[in-house]
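**Q** Structure for the following, please:
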Amino acid sequence: MIKSLEVIIAITILFAFLFLIFQTIPERSVPNIVNERIFDVLKIKAEDPGFRTIINDGNAQATSDSIYNNIDVPYGVSLCSGATNDCNTYNQDTNYRITTTIDYYFFDSNKTIIIKTWVE
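**A** Numbers count the residues shown, from 1 in each chain. Next up is the predicted model:
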């Protein structure tokens with residue numbers, strides 16, 4: 001009887017310790033996770049010559065269509081020439097409260113793709 005009571009107490013203390021450990025680990029916010037995933041998608045897509053051709057053409061809708069299957073949150077795309085405000089924009093909605101923005105610069109074509117996501 002005493003041994004089983006000691007085992008129960010030991011298991012309870014172990015679970016309490018594990019619960020305490022998991023509670024003290026900082027939780028990453030959803031926008032940061034979304035940004036990392038989209039940035040990874042852009043790095044992979046940047047190696048594709050077809051995607052680079054779409055970027056060179058400056059067609060924001062074709063760019064959005066080419067990454068549509070890889071991004072599962074609402075987003076909009078802007079293609080800008082260098083760092084200027086001369087941008088071709090597709091699906092940029094401003095009605096959402098929490099937004100994140102990812103900028104990815106293509107050095108060879110002097111184009112910047114800006115992806116704005118809406119995360120609630």
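
**Q** next structured bit after the helix or strand harbouring Thr12?
**A** Thr12 belongs to helix 2-24 when assigned by DSSP states H and E. The C-terminal neighbour of helix 2-24 among helices and strands, as given by DSSP H and E, is helix 30-46.

**Q** ok now the helix holding Thr12, how far from the chain's centre?
**A** Its chain's C-alpha centre and that of helix 2-24 lie 37 Å apart, by Cα atoms, centre = their mean, to the nearest Å.

**Q** Extract the CA atoms of the worst-scoring helix or strand of the chain on mean pLDDT and return them as CSV.
**A** When the helices and strands of the chain are scored by mean pLDDT, DSSP states H and E, strand 87-90 comes last with a mean of 81. Only the C-alpha atoms of strand 87-90 are listed here, as CSV (Å, rounded to 0.1, in the frame of the first residue of the first chain):
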residue,chain,number,x,y,z
CYS,A,87,4.1,48.8,-57.7
ASN,A,88,1.7,46.5,-59.4
THR,A,89,-0.7,45.3,-56.7
TYR,A,90,-3.2,42.4,-56.5
